[in-house]
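Peer 1: Based on what follows, work out the 3D shape:
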Amino acid sequence: MIKRFSVVIAMLLIVLALIASSCAPKAGEEGGEEARSGKYGGIVRSAYTAPSTLDPAFQSGRGDSHIAWQWNDSLVYIDEENEPDISRSVAEHWEADETGTVWTFKIRQGIKFHDGKDMTARDVKFSFDRLRDPEVGAPTVELYANIKEITTPDDYTVVFKLENPNPDFLKDLGDYHAKIMDADNTDFATNWNGTGPFMIESYSPEDRIVFKRNPHYWMTDDEGNQLPYLDGMEFIFLDDPSAQIEALRGGQVDYLIYLPPEYVPLLKEDPNITIYSKPSNGTFVIRMRSDRPPANDVRVRQALKLVPSIIFRKFIYPPGRHQLTSSYF
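Peer 2: The predicted structure follows:
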């Protein structure tokens, strides 16, 4: 079984937008940092379980995935409806040939790693070759076993050749392990050189991870304002859900993105806390052989397709306990 998670940020974006103020200046406007106002600024704090690793190839849970999304990007972004969203993808265009076995991706130009290096097709090829390499041993080896070859005709074109057509190929590329890594990186455990909206400022495995804003991030909002709005984020590591809840109620953190259902009644009674809920796009992919029981029975396969796959996640954010003027992340 392969678990595939895509972090849902839109709901959190909406939540934080509730406390956003006036419009921010357009990217490139006069005034530079002095002109940043309104939506920009602030540090948001959250509580998470400690990550098992910061190497996206070996992530094993929701906390790992959400942390990786802050400092890195994916070739194909899977949105809140579990569909590919090209506006948030590193690829600016993709298409398959008539056989469905050759997929061509055009990569956005101008995306930079945090150290200033340009991200190119070479980094994309390296990232997926690593994910499908049995010697590396990532849990995605089977997921990408259908990839026959990856080539780079030029610096901003990547071509995937498949053994067989795969209608879910775009979603497979959006797997939560599939972050674009620096092809020149030799230590993924300690060198977190990504392309995402935030840069890792400090990391203490037993305590917290602190992010600072990436001033050269490639994404903009609908009005052309550069993202992210926040100056930074801080994730405090608390494994006990009850400790996370108490940190929220006590004002040590500003929000929790994963709320166990049993805590909902308690928090609904707190006038300082607002609970938001939305269907998740998290999916569990079960791979079964159709040439042996039980999946060789078409009725079994049809029944599995009817099983609801939506998992509800709870987003909570306490108004009045913040210094935020941001509406992104």
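Peer 1: Mean pLDDT per helix and strand in the chain: which one sits at the bottom?
Peer 2: Across the helices and strands of the chain, mean confidence by mean pLDDT, DSSP states H and E is lowest for strand 312-317: a mean of 32.
Peer 1: Which residues does residue 256 form beta bridges with?
Peer 2: When bridges are called by DSSP bridges, residue 256 pairs up with residue 316.
Peer 1: SS state for the residue most central in space within the chain?
Peer 2: When C-alpha atoms, centre = their mean is applied to the chain, the residue found nearest the centroid is residue 69 (3.4 Å). Here residue 69 is recorded as helix under DSSP: H, G, I helix; E, B strand; the rest coil.
Peer 1: residue ranges with poor pLDDT in this structure?
Peer 2: 1-37, 278-289, 307-329 (pLDDT under 70).
Peer 1: And residue 60, how far from residue 167?
Peer 2: 27 Å (C-beta to C-beta, to the nearest Å). Yep, even glycine has a C-beta here, placed from its N, CA and C like the rest.
Peer 1: okay, those two: which has more neighbours?
Peer 2: More crowded of residue 60 and residue 167, by other C-beta atoms under 10 Å: residue 60, with 14 against 8.
Peer 1: Test my guess that that one contacts residue 68.
Peer 2: No - using C-beta atoms under 8 Å, residue 60 is not in contact with residue 68; the gap is 11.5 Å.
Peer 1: and the gap between residue 130 and residue 178?
Peer 2: To residue 178, residue 130 is 10 Å away according to C-beta to C-beta.
Peer 1: again, but for residue 53
Peer 2: Distance from residue 53 to residue 178, counting by C-beta to C-beta: 15 Å.
Peer 1: What of residue 163?
Peer 2: 19 Å.
Peer 1: The two - which one has more neighbours?
Peer 2: When neighbours are counted by other C-beta under 10 Å, residue 178 comes out ahead of the other of residue 163 and residue 178, with 24 against 11.
Peer 1: Wait, the more buried one touches residue 127, no?
Peer 2: Yes - the criterion here is C-beta under 8 Å, and residue 178 meets it with residue 127 at 7.1 Å.
Peer 1: what is in contact with the two at once?
Peer 2: Common contact partners of residue 178 and residue 127 (C-beta atoms under 8 Å, 6 or more residues apart in numbering): residue 75.
Peer 1: surely the residue nearest to the centre of the chain meets residue 196?
Peer 2: Yes - using C-beta under 8 Å as the test, residue 69 is close enough to residue 196 to be in contact (6.8 Å).
Peer 1: thought residue 160 was touching residue 105?
Peer 2: Yes - Residue 160 lies in contact with residue 105 (C-beta under 8 Å); the separation is 7.5 Å.
Peer 1: Look at the two and report which has more neighbours.
Peer 2: residue 160 (25 against 22).
Peer 1: For my notes, confirm the more buried one occurs in a helix.
Peer 2: No - counting by three-state DSSP, residue 160 is not part of a helix but strand.
Peer 1: Run through the bridge partners of the nearest residue to it once chain neighbours are set aside.
Peer 2: Sequence neighbours aside, residue 103 is the residue nearest to residue 160 in space, at 4.5 Å (criterion: C-beta to C-beta, 6 or more residues apart in numbering). On the basis of DSSP bridges, residue 103 is bridged to residue 96, residue 160.
Peer 1: check contacts around residue 145.
Peer 2: Contacts for residue 145 (C-beta under 8 Å, 6+ apart) come out as residue 132.
Peer 1: tell me the contacts of the closest residue to residue 169 other than its chain neighbours?
Peer 2: Spatial nearest neighbour of residue 169, excluding adjacent residues (C-beta to C-beta, 6+ apart): residue 103 at 6.2 Å. Residues near residue 103 by C-beta under 8 Å, 6+ apart: 94-97, 159-160, 162, 169.
Peer 1: would you list those in CSV and tack on distance to residue 245?
Peer 2: As requested, the contacts of residue 103 are exported to CSV (distance: C-beta to C-beta, whole Å):
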residue, distance to residue 245
94, 42
95, 47
96, 46
97, 52
159, 49
160, 44
162, 46
169, 40
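Peer 1: Looking at those residues, which is nearest residue 299?
Peer 2: residue 169 (27.5 Å; C-beta to C-beta).
Peer 1: Show me where the chain has its helices.
Peer 2: 10-17, 62-71, 121-131, 169-173, 241-249, 264-268, 298-305 (DSSP state H).
Peer 1: From residue 184, how far out is residue 173?
Peer 2: Relative to residue 184, and taking C-beta to C-beta, residue 173 is found at 22 Å.
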